[in-house]
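[1] show me the folded form of this:
(one chain, ligands or ions: 3)
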Amino acid sequence: MRQALRIVVVLTLLGLVGAGAVVGFGLYNVSARVGHWPGVSWVLHTTFRNSARLRAPDMENAPALDDPDLIALGAAHYATACAGCHAAPGDSRSATVRAMVPQPPAITEAVADWEPNELHWIIENGIKMSGMPAWPAEGRGDEVWSVVAYLVSIQQDRAPDLPSSDLAGVDYCRSCHGDIGGPVPRLDILSPSYVEAQLEAYLNARRPSGIMAQAASLVPQDQYATLARRLTEREMPGPTVVPEQGAGAELARQGTRDIPACLACHGVGDNRKGPRLFGQEPMYLAAQLRLWRDGTYTHDRLMRAAAADLTDADIDLLSDYFAAVGN
Ligand code: HEC
Ligand code: HEC
Ligand code: HEC
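    Ligands and ions are numbered 1, 2, ... in the order given. Take a look at the predicted model:
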C-alpha cells in the first residue's frame, strides 16, 4: 500500500516536472504553421460546439428575426466588425486570414449548422484561443440579435447587400442613421453637444453598446465635434406645445408616486435637461428605457432613478407617446 502511494507521488512529480519543462523551456511549438497535434482540432471544435449548445439562451426574449430594420442593422455592423475575417457572403477571405489556426470559416459555412440562439451565444461570447472575438460591450445581448437576424437571412439565402466599405465620415454614420429605423435612433432631432458627448461615452464604454463602440472606434476622436455638427445641422424643429391626450401623455406630464414626470426633463423648449424624445423611433425608445430600468445603463444618475420603477406596460405607453409626436 505504502509502496503504491510512493509510486503515485513519484509519477505525479515527474509529470509536473515534464509539464514545467514544456512551459519553461518552450518545448511545445505554438507555430500556426504546424497546426494542432492529430485529434486536438477535433477535441477543441467538439468542445466548442457542445459548449455553445449547452449555454445558448432560449428564444423567449428574441425579437422578430425577419424584421428588415433589424437585418439591415446587423448587416451594417457585420460589414466592419466581422467581414474582415469571415468575408461577405460569396466573397473570398484574404490569404492572411486563411493562414489563421483555426481558420475563420467563410460566413455561409459558419452559419450552416447553428440555430439562431446558438449563433447568439457564439457572437456574444466569442471563442477562447481561436481569434473569434466576444461582443465588445457587456450586458448587450439585446443588440446581438440584429447580427443573428442578418446571419439567419444568409441561411435563408435572402441576405441584403452589405453597405460599401469605402464609406467615411458622415456617409459612414448614415449607413445606419439614414434609412434604417426601428432599433437605430434618429440623430437629426438631437443637439450637437449631446451627440458628441454620447460618442465619447460609447468609446470609453460608459454607455455600453457593441455596435456604437465599434462605430465610434472607427473614426478619429478629433472628428467627433465635426461629425456631431454635420449630422444635426438640419436639426428638425420639435413640437412647440406638449400634447395632452391619453394615458401616455398623463404619465409623461404628471408621473406617479414612484415615477417622476418625464416632461420635467424631456419637454419642449431649449432648457431641457435631457435629450429630445419627441419624434424618436418607438422601438429604440423602448429598448433604451429597458436598459435604464434594468441597470445596464448607469451613466446618468437622474435618468437611472427615473426609469427604475417603470413596468413593461409603462415603457410601451411612453415610447409610443413620445414617438407619435413630432416630425
Ligand atoms: C479576427 C477574426 C474574426 C472576427 C473579427 C470574427 N470572427 Fe467569427 N470566427 C473566427 C474564427 C477563427 C472562428 C473559428 C473558431 C473555431 O472553429 O474554433 C470563428 C467562428 C465563428 C462562428 C462559428 C462557426 C463554426 O461553426 O465554426 C460564427 C457563427 C462566427 N464566427 C460569426 C462571427 C460574427 C457574426 C462576427 C462579427 C460580429 C465574427 N464572427 C467576427 C474569427 C473571427
Ligand atoms: C452599424 C450601424 C451604426 C453605425 C455605422 C453608426 N451608428 Fe450610431 N447608433 C447605432 C445604434 C444601433 C444605436 C443605438 C445604440 C444603443 O443602444 O445605445 C446608435 C446610437 C447612436 C447615438 C446615440 C443617440 C441617442 O439618442 O442617444 C449617437 C449620438 C450615434 N449613434 C452617432 C453615430 C455617429 C456619429 C456615427 C458615425 C461615426 C454612427 N452613430 C454610426 C447604429 C449605428
Ligand atoms: C431629472 C431629469 C430626467 C427625468 C425626470 C427623466 N429623464 Fe430621461 N434622460 C435624462 C437625461 C439627462 C438623459 C441623457 C443621459 C445621457 O445619456 O447623458 C436622459 C435620457 C433618456 C433616454 C435616452 C434617449 C436617447 O436618445 O438615447 C430616454 C429614452 C429617456 N431619457 C426617457 C425618459 C422617460 C420616459 C422619462 C419619464 C419616465 C424620463 N426619461 C425622465 C433626464 C431625465
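
[2] up against ligand 2, what does this protein have?
    73, 76-77, 143, 172-173, 175-177, 183-185, 187, 190, 195, 198-199, 209, 211-212, 215, 219, 227, 231, 275 (C-beta under 6 Å from any ligand atom). Quick note: C-beta positions are derived from backbone N, CA and C, even for glycine.

[3] what sits against the residue nearest in space to the middle of the chain?
    Centroid-nearest residue in the chain: residue 210, 3.6 Å away (criterion: C-alpha atoms, centre = their mean). The neighbours of residue 210, taking C-beta atoms under 8 Å, 6 or more residues apart in numbering as the test, are 77, 135, 136, 137, 140, 143, 144.

[4] check the stretch 151-300 of the chain for the residue nearest ligand 1 and tell me.
    For the stretch 151-300 of the chain, the residue closest to ligand 1 is residue 151, as judged by C-beta to the nearest ligand atom, at 6.2 Å.

[5] nearest spatial neighbour of that residue, skipping sequence neighbours?
    residue 111 (4.8 Å; C-beta to C-beta, 6 or more residues apart in numbering).

[6] export the helix or strand containing residue 143 to CSV, keeping only CA atoms.
    Element membership of residue 143, judged by DSSP states H and E, is helix 141-155. Output of helix 141-155 as CSV, limited to C-alpha atoms (Å, rounded to 0.1, in the frame of the first residue of the first chain):
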residue,chain,number,x,y,z
GLY,A,141,-27.4,40.6,-25.7
ASP,A,142,-30.3,42.7,-26.9
GLU,A,143,-28.3,44.2,-29.8
VAL,A,144,-26.6,40.9,-30.7
TRP,A,145,-30.0,39.8,-32.1
SER,A,146,-29.5,42.2,-35.0
VAL,A,147,-26.4,40.3,-36.2
VAL,A,148,-28.3,37.0,-35.6
ALA,A,149,-31.1,38.3,-37.8
TYR,A,150,-28.6,39.1,-40.6
LEU,A,151,-27.0,35.6,-40.3
VAL,A,152,-30.4,33.9,-40.4
SER,A,153,-31.1,35.9,-43.6
ILE,A,154,-27.9,34.3,-45.0
GLN,A,155,-29.1,30.8,-44.0
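
[7] one step back: and which of the contacts of residue 210 is nearest to residue 58?
    Nearest to residue 58 among these is residue 144, at 14.4 Å by C-beta to C-beta.

[8] which residues does that closest one contact?
    120, 123, 124, 135, 210.

[9] at 6 Å what do you get?
    By C-beta atoms under 6 Å, 6 or more residues apart in numbering, the contact set of residue 144 is 120, 123, 124, 135.

[10] report the secondary structure state of the second one.
    Spelled out, it's residue 123. helix (DSSP: H, G, I helix; E, B strand; the rest coil).
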